[in-house]
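Asker: A structural model of the following input is requested.
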Amino acid sequence: MKLNKILWIAVCVCLALLVLAPLVYWKMTEEGQSFREPVNKYSVNTYHDFYNNETLSEVWNKTKNLKQVSDFSRYGNYSVLMSMHIYRPLGGGYFEWFIVASTLQPDSDGVIHELAIRFNGSSFYDSGNITLAKCYEWAHNFNLTPLENGKSVIADFVAQHESFSYDGFVEGSYTVFFPFLFAFNYPNDFGGTVILNLNTGEIMIAASSVWMGTGDLVYPEFIQDVGK
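Answerer: Okay, the predicted model is just below:
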């Protein structure tokens, strides 16, 4: 009788392990899930003389090793856009790398997840000296925005911020790296970078450049004379 009881307990323990083991393994796997590469990784070579492909690779390696990026990658399929923004081209120059990421489909709540990252640098061609300035995260309702509407949002935004010091972006200033609408003016005198997400219709990052001065970070926060 005692032996039967022991066998019965052993059978129950084995059945419990069979049921619980896959759940424990799944939980451990989920928590230890590694970084997932983006579906699309775009880069914009707006300043041809200041960096090369090797530098770009190093910047991306720094980006994907961030915990914020690893966590973001779990939302689902997403795209990334990388660009250099120079606030002050002359006098030694000062620049930042802008990296933006967006999910490609809305989640179950109809939301698009966004991430923007700023790396600042001390010298051109030297990716080893770039350091993380700040990460920004948002979630906006999915709002697929036609190209012309996106351009209008950017034009209105520029018109409302005196940091840009010019009339706006001409037609050739816009490039689509879906879902990103990238607007850029080279600072022959005044210039700037604005990135909008066509999946939300929202600005993700914006900054101005001044050829013989210093530009501002305008959005997602205002910082005057960056790197001065």
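Asker: in this protein, which spans are helices?
Answerer: All helices of the chain, identified by DSSP state H, fall at 2-31, 53-64, 67-72, 147-159.
Asker: buried stuff in stretch 111-125?
Answerer: Neighbour-count burial for stretch 111-125, counted by 16 or more other Cβ atoms under 10 Å, picks out 111, 112, 113, 114, 115, 116, 117, 118, 119, 120, 121, 124. For the C-beta atoms, the positions are set from N, CA and C on the backbone; glycine is no exception.
Asker: Stretch 177-190 now?
Answerer: Judged by neighbour count using 16+ other Cβ under 10 Å, the buried positions of stretch 177-190 are 177, 179, 180, 181, 182, 183, 184, 185, 187, 190.
Asker: which residues pair with the closest residue to the third one other than its chain neighbours across the strands?
Answerer: In this case it means residue 180. Leaving aside its chain neighbours, residue 180 sits nearest to residue 81 (4.7 Å; criterion: Cβ to Cβ, 6 or more residues apart in numbering). In this structure, residue 81 has the following beta-bridge partners (DSSP bridges): residue 42, residue 100.
Asker: Residue 81 contacts residue 195, doesn't it?
Answerer: Yes. When contacts are counted by Cβ atoms under 8 Å, residue 81 is listed as touching residue 195 (6.7 Å).
Asker: Determine the residues that are contacts of both of these two.
Answerer: Taking Cβ atoms under 8 Å, 6 or more residues apart in numbering as the contact rule, the neighbours common to residue 81 and residue 195 are 100, 180, 182.
Asker: dump the residue contacts of the last one.
Answerer: Contacts for residue 182 (Cβ under 8 Å, 6+ apart) come out as 44, 81, 83, 174, 175, 176, 193, 194, 195.
Asker: The residue nearest to the fifth one when sequence neighbours are not counted and residue 146, how far apart?
Answerer: The shortest distance from residue 175 to any residue that is not its chain neighbour, by Cβ to Cβ, 6+ apart, is 4.8 Å, and that residue is residue 182. Here residue 182 is placed at a distance of 16 Å from residue 146 (Cβ to Cβ, to the nearest Å).
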